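Asker: how does the following fold in three dimensions:
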Amino acid sequence: MTLKPARALALIFLLCFAGVAAALIAQHGFKVRPCPWCVLQRLIFIVIGVVAGLGWLLQRYKPALLASLAVVPLLAIGGLVSAWYQHEVASQMESCKLTVADKILTFFGVEELWPKVFMVTASCAEAAAYRLLGLPYEIWSGALYGLLIALAVLAFKSNQR
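Answerer: Below is the predicted model:
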């Protein structure tokens, strides 16, 4: 399957922000409270979306396009690791305080910057109880990261031909 790089970046941009929008609807509309790992994944989706959006906007400059296609899967692997860690480790913890996710969010100060999006309101154990269509939210997040990786790799490979 071939996928034009600019189209892939536009799709990645849309998917990232749709994922964040879905998380915010779940949080503010259905009272699904996020833990630090949930919020970290939102931050990663936003960063990936911005990188993809810049790559799409600068598509005339091949180095920018290729750099975006190279950076997106690296960031998405980080997101995939965070979703895995949340599911396998953090969900078993009563508190997420002082975990890597908590430290990253504190370092960047995102909670104060944009509390409606980045405010942590649950512990990891509390967040583990939430489900969407029978699956924990971090599984959906991990699946989206996997899709982003696949799209970027396919687009990068089709560009090499």
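
Asker: just the strands in the protein please.
Answerer: Secondary structure of the chain (DSSP state E): strands located at 131-132, 135-136.

Asker: what's the first one in contact with?
Answerer: Okay, so that is strand 131-132. Residues from elsewhere that reach strand 131-132, judged by C-beta atoms under 8 Å, 6 or more residues apart in numbering: 26, 137, 140. (Glycine included, C-beta is placed from N, CA and C.)

Asker: least reliable of the strands of the chain by average pLDDT, please.
Answerer: Ranked by mean pLDDT, the strands of the chain bottom out at strand 131-132, with a mean of 72.

Asker: wait, what's in contact with residue 46?
Answerer: 16, 17, 20.

Asker: what about these, which one has the most neighbours?
Answerer: The most crowded member of the contacts of residue 46, judged by other C-beta atoms under 10 Å, is residue 16 (28 neighbours).

Asker: so who does the nearest residue to residue 24 once chain neighbours are set aside touch?
Answerer: Distances taken as C-beta to C-beta, 6 or more residues apart in numbering place residue 117 nearest to residue 24, at 6.6 Å, with adjacent residues excluded. The contact partners of residue 117, by C-beta under 8 Å, 6+ apart, come to 20, 24, 42, 110.

Asker: quick one: buried ones out of those?
Answerer: 20, 42, 110 (16 or more other C-beta atoms under 10 Å).

Asker: isn't the last one up against residue 40?
Answerer: No. The criterion here is C-beta atoms under 8 Å, and residue 110 misses it with residue 40 at 9.2 Å.

Asker: list the contacts of the one residue sitting closest to the centre of the chain.
Answerer: By C-alpha atoms, centre = their mean, the chain has its centre lying nearest to residue 45, at 2.9 Å. Residue 45 makes contacts with 16, 17, 19, 20, 79, 141, 144, as judged by C-beta under 8 Å, 6+ apart.

Asker: ranges for the helices of the chain?
Answerer: Secondary structure of the chain, counting by DSSP state H: helices at 5-30, 36-57, 62-88, 100-108, 110-113, 115-118, 124-127, 137-160.
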